[in-house]
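1. here you go, sequence then predicted model.
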Amino acid sequence: MSVRVLSVALLAMAASALCACGGGSGSSLSSSTSGSSSGSSATSNTLAITIDGGSAAIVQADGIIPNFAYVSVTICANGSTSNCQSIDHVQIDTQSVGLRIMGSVLSASLLAALPPPTTSGGQPIFECAPFADGYSWGPLATATIEFTSDETASSVPIQIIEDVNVPAVPADCVNAAGTDYAESTPATFGANGILGVGTLLQDCGADCAEETIPGSYYACTSATSSGTCSDITMSVAGQLQNPVAVLSSADKNGVEIVLPAISLTGALTASGTLYLGVGTESNNALGSATVFQVDSLYGQFLDTQYAGVDLPGSVLDIGSNAYFFNSSIVQCSSGFYCPSGALTEAAVIQGESSVTFEGQTAIEGVRTGAQLPVQFDIGNAGSFNGSFAALPELGATGSNGSFDWGLPFFYGKPLFVVFQGQSAVGSSQVGPYMALVY
């Protein structure tokens, strides 16, 4: 399972909290800055991105959560055009796959129309979603997802994340996350759901179809708290699908995410655009983007060279709300970086065809493709404006062998995600890959 975040540090600041969440998004951009045509798209393929600190309920519980990119999606009972609900503050994540929605934000009528699929023996199917800072637990459901008036995905397996009257979370789900922290409410998750648009087509793929994977899919004796759950294999078709990859339109080969450039001191809010498709419309061309192959096995890792160290477990991760990396930069007690003055750091990003791990640490990768020298800024997390939802200098300690290029890196730098086995006009590379306009 892809990680959503790479740290659990918390730093209280005035009325806000800086959480290393994924996972953990100036002015509004109405079209791509990646060199695409200025002509209008024939298909409505754009979703508005909002970086506003979270919904009122989330802010009331947690304070402002910076650097979370939210969109709204509409969920309909499968086969229905009337039993639908628009869900706001769904976080975008480029390091996971699938749509997961908090059951607590769904209407009773819609929730009742989304019963979990069952095994051949009639047992309801549940899923564990382990992230680096916790886990989410709940049943699968089959629904129709409406992104725009023209972009719909029907009969899509999704997850309903719940924490009320559901079977107890299996121990191996907690073990897979590495921490016993349930992210099963909007307040604990920081969002009303998560839209995983990573490079893969399913969230587990052939591995889960061929053998049981702890911390993945389960059959439960009941869908209520009286049930007990056991690991099962899960067919590729039955797994959570990348919802963009199953669109009925041509815009299903990937996504482009465009966020505005903002002042290094931050901004109260920011707005951007999620484009469905890559090179499929007049507004989502690759243009001058540098292409980075990601590893073929996990579909997420590439290489970063920073401070003389090679980091083969690196990721381009809109779902993390800070830069997560290990450095000698002065830290606050929380693990966030707190230099006495803003620092400009340098690194090199490169694609990667494969990566090798020892335990949870990436130790070696096979680099491929162009090297892109980049610079990024790290500020003092203890001095940021507690009312700002957009903080481009937020950084924190990370994991060995990894550099998590979180959302702050993408302010003013459009990111493309091209899915496994897909291609896009403007590049001969076949997915999975990511591309960046720098």
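-> Looks like it came in fine.
2. show me what counts as buried in the particular helix or strand that has residue 175 in it.
-> Residue 175 is part of helix 171-177, with elements assigned from DSSP states H and E. Buried residues in helix 171-177, counted by 16 or more other Cβ atoms under 10 Å: 172, 173, 174, 176, 177. For every residue, glycine as well, the C-beta is placed using N, CA and C.
3. so which of those comes closest to residue 200?
-> Closest approach between these and residue 200, by Cβ to Cβ: residue 176, at 17.6 Å.
4. need the pLDDT of the residue nearest the centre of the chain.
-> Closest to where the C-alpha atoms of the chain average out (Cα atoms, centre = their mean) is residue 93, at 1.3 Å. For residue 93, the pLDDT comes out at 97.
5. so it sits against residue 191, correct?
-> No - taking contacts as Cβ atoms under 8 Å, residue 93 lies outside contact range of residue 191: 9.4 Å.
6. ok, back up a step: turn the buried residues of helix 171-177 into TSV, including pLDDT.
-> As requested, those are arranged in TSV below (pLDDT from 0 to 100):
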residue	pLDDT
172	94
173	95
174	93
176	90
177	87
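7. circling back to that earlier point, list the helices and strands the helix holding residue 175 packs on?
-> strand 125-131, strand 134-146 (3 or more Cβ pairs under 8 Å, 6 or more residues apart in numbering; DSSP states H and E).
8. could you single out the most deeply buried of those?
-> The highest average neighbour count among the helices and strands packed on helix 171-177, using mean count of other Cβ atoms under 10 Å, belongs to strand 125-131 at a mean of 27.
9. which other helices and strands contact that strand?
-> strand 134-146, strand 152-161, helix 171-177, strand 217-220.
10. just want the angle from it to strand 134-146.
-> 120 degrees (axes from the mean of the first three to the mean of the last three Cα atoms, to 10 degrees).
11. strand partners of strand 125-131, parallel vs antiparallel please.
-> Note on strand 125-131: by DSSP bridges, its sheet partners are strand 134-146 (antiparallel), strand 217-220 (antiparallel).
12. next, format those as JSON lines and append distance to residue 433 and mean pLDDT.
-> Below are the strands paired with strand 125-131 laid out as JSON lines (distance: least, Cβ to Cβ, whole Å; pLDDT from 0 to 100):
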{"stretch": "strand 134-146", "distance to residue 433": "24", "mean pLDDT": "96"}
{"stretch": "strand 217-220", "distance to residue 433": "28", "mean pLDDT": "98"}
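13. pretty sure residue 401 sits against residue 365.
-> No - checked against Cβ under 8 Å, the pair residue 401 and residue 365 is beyond contact range at 9.2 Å.
14. which residues are common contacts for the two?
-> 312, 313 (Cβ atoms under 8 Å, 6 or more residues apart in numbering).
15. can you pull out the helices in the stretch 151-300 of the chain?
-> 171-177, 186-189, 206-210 (DSSP state H, counting those that start in this stretch).
16. confirm residue 435 sits in a helix?
-> No - the assignment for residue 435, made by DSSP: H, G, I helix; E, B strand; the rest coil, is strand rather than a helix.
17. and it, how many residues sit next to it?
-> When neighbours are counted by other Cβ atoms under 10 Å, residue 435 registers 26.
18. that one and residue 343, how far apart?
-> 27 Å (Cβ to Cβ, to the nearest Å).
19. for residue 373, give me phi and psi.
-> phi -70, psi 130 (degrees, to the nearest 10).
20. residue contacts, the closest residue to it other than its chain neighbours?
-> Nearest residue to residue 373, sequence neighbours excluded (Cβ to Cβ, 6 or more residues apart in numbering): residue 348, at 5.3 Å. Contacts for residue 348 (Cβ under 8 Å, 6+ apart) come out as 304, 305, 306, 371, 372, 373, 374.
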